[in-house]
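1. Got a sequence here, can you build the structure:
(chains A and B)
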Amino acid sequence: MRYKSASVPGNLLIIGLSILFGLPVILLILLALGQFWRFPDVLPPTYSLDAFRRVVSTDSDLLRGLLLSLLVSVTVALTATSLGFLVARAVARSARPDRWVTLSYLPYALPPVLLAVLIQPSVIRLRLSGSLGGVMLGLLLVTLPFTTLFFRSFWSRQASQYEQLAQTLGCTPVQALTRVLLPLARPLLVTCLFQAFLIGWFDFGLTNFLSVGKVRTLPVQVFTYVREANSRLAAVASLLLIFPPAVLLWVNKSAIVPRTIIRH
Amino acid sequence: MSSKQTNTLLLTVYALLVVGLPLMGLGTALLSSLGVAGPLARGFTTQYWQQLGAGGGLFSSLLYSLYITLVSLGLSVGIALALVLAGGSTLNRQPFPTLLYVPLLVPSLVMGFYLFQLLSRAGWLSRITYQLGLTSRIEAFPELVQDAAGTGIILAQILMAFPFFTLLFRTLYTDARLDELRNLTKTLGASDRQFRQRVAIPVLLRRASPTLVLFGVASMGAYDIPLLLGRTYPQMVSIFVTDRLSRFDLQEIPVGYGAGFLVAVLMMGSIGWLARTAQNYAL
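-> Down below sits the predicted model:
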């Protein structure tokens, strides 16, 4: 059966999916704004913005968590994207690129938390346990193979030919990279940067395990508030977590879905 | 430094991080579980492995994780295939593409929190059923989170996965030019149902198999969602392992590492086997 443009099943599907995907945001907003909301009330008896005001107060845990999450995610995204771009080039020029590609999938054979369990002794030995450095190392372990695989398609024969042509015309290797290859790869770099940012932004298990709860990023705070049965602040932290990806979706949809996964 | 030397250096550092660190961790986990390494190392012993096998907790966790993975993966794939094959070009028109991206913005931890607020006995659905007179007290609402069947976990996994699979299958449908194949099969006398069952579904599943395997691994090792929506028994494997490593009893740490080692090896082995099977049978 194939729906026509304004068919009833098509419209029903739109309504159904809108309710299904819109309900989380509505419920989170109600939880964040509602006061004294107890069973069996369907809607909160009173509303207040005080939970949101806590985000902008200077001694706020939420503000600190937000800034920490931004710091971790931006640093990891910048490092993984720039390194991944260069590692993908090295992989493309190696004797056995296929082997490197297979090895790059190794961290994906394990869920992030199990990966954290395995690398924890090394992180302790490096004296990075419970620190920001340990969390970033763990996140790099997940994001770097992703960015390397992401740029695999860019380093084709054509990219090498452009680089050689630039060097034949008098560019140094650095000039060929900065003036020819980086502008060519710009759309991919932007998408990869966004996706690596999201991996760090969404992570909870690896961060919580490696930092022993000491690096209190926004997801860690969501979990803490849930455990403390503080639904209002958990909802505010959840909405803060959803906000940056929503902006990304508004700016560019392709930044959200990994192309390497989509294009199998 | 020449370009070749730079590449060699980059690849060495990359290999140390991406392969060296996890493999070293795997080795350390094994040695810790055998009493050879770690803070409790007192010489070779199989005591921790016997402890691990005695309770049967790990086996139950593995079975429970497998059950959650198979059910959530099966249902997500089924819903996505139904949407792509029945919806056809409707899915390419607004607001569908944007709508399907929305769940990808929600971290799994937030999805778990939302479903807890929605489905628990004091949650939103329970309040609505109470106000509608469908339930008379809080206990009359069915247990949908932290239940033995893992309903909440499965629902969360499906909500997060089926939009992604729909986007994936929609892209693959176009890439494989299945509309042209549909016309061809019709010309040869096949019905729509035969086209879906014998052409479209096998082609889409074959092309999506690497992503489905990766999703299976992610689902099997899910942590955030079962942490909020799961029970203390049975636990999913990631929770089982981290739980043992976070206990105050130091004797549990080598047992936790043993469990971590075993689960990691089983997962890597399964992926290797699935990848080989997919290659052999051109899945």
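
2. how far away is the closest residue to residue B:36 other than its chain neighbours from chain A?
-> The shortest distance from residue B:36 to any non-neighbouring residue, by Cβ to Cβ, 6 or more residues apart in numbering or on different chains, is to residue B:44 (5.9 Å). Bear in mind the C-beta positions are built from the backbone N, C-alpha and C, glycine included. Using Cβ to the nearest Cβ, to the nearest Å, residue B:44 is found at 18 Å from chain A.

3. Could you do residue B:210 as well?
-> Separation of residue B:210 from chain A (Cβ to the nearest Cβ): 5 Å.

4. Would you double-check that that residue falls in a helix?
-> Yes - assigned with DSSP: H, G, I helix; E, B strand; the rest coil, residue B:210 falls within a helix.

5. still on that earlier bit, and the residue nearest to residue B:36, what does it touch?
-> Counting by Cβ atoms under 8 Å, 6 or more residues apart in numbering or on different chains, residue B:44 touches B:34-36.

6. Which stretches in chain A count as strands?
-> A:34-35, A:46-47 (DSSP state E).

7. Mind listing residues that contact the last one?
-> Strand A:46-47 has contacts (Cβ under 8 Å, 6+ apart) with A:33-36.

8. Check the burial of residue A:186 by counting its neighbours.
-> Residue neighbour count, defined by other Cβ atoms under 10 Å in any protein chain shown, stands at 10 for residue A:186.

9. residue boundaries of the helices in the chain?
-> Reading this off chain A. Residue ranges of the helices in chain A, as given by DSSP state H, are A:8-33, A:50-56, A:61-92, A:97-104, A:112-125, A:132-150, A:157-168, A:173-175, A:182-202, A:205-210, A:218-227, A:231-251, A:259-262.

10. sorry, should have said chain B
-> So, for chain B - with DSSP H - the helices run B:3-15, B:21-33, B:47-55, B:57-87, B:96-101, B:108-119, B:124-131, B:151-175, B:178-187, B:192-195, B:201-220, B:224-229, B:237-245, B:252-280.

11. looking at those, which is buried most?
-> The highest average neighbour count among the helices of chain B, using mean count of other Cβ atoms under 10 Å in any protein chain shown, belongs to helix B:224-229 at a mean of 26.

12. re the thing from before, just give me the closest of the contacts of residue B:44 to residue B:13.
-> Using Cβ to Cβ, residue B:36 comes nearest to residue B:13 of the contacts of residue B:44, at 28.8 Å.

13. what about that closest one, neighbour count?
-> For residue B:36, the count of nearby residues is 15 (other Cβ under 10 Å).

14. If we ignore the residues flanking it in sequence, what's nearest residue B:262?
-> Nearest one to residue B:262, counting by Cβ to Cβ, 6+ apart, is residue B:58 at 7.0 Å.

15. ok, that neighbour to chain A distance?
-> Noted for residue B:58: a distance of 13 Å to chain A, by Cβ to the nearest Cβ.

16. distance of that residue from residue B:136?
-> In this structure, residue B:58 and residue B:136 are 42 Å apart, going by Cβ to Cβ, to the nearest Å.

17. quick one: low-confidence parts of the stretch 1-150 of chain A?
-> Within the stretch 1-150 of chain A, the stretches with pLDDT under 70 are A:1-6, A:58.

18. repeat for chain B
-> Across chain B, the ranges flagged by pLDDT under 70 are B:1, B:278-283.

19. Now flag whichever of the contacts of strand A:46-47 is closest to chain B.
-> For these, the minimum distance to chain B (Cβ to the nearest Cβ) is 11.1 Å, reached by residue A:34.
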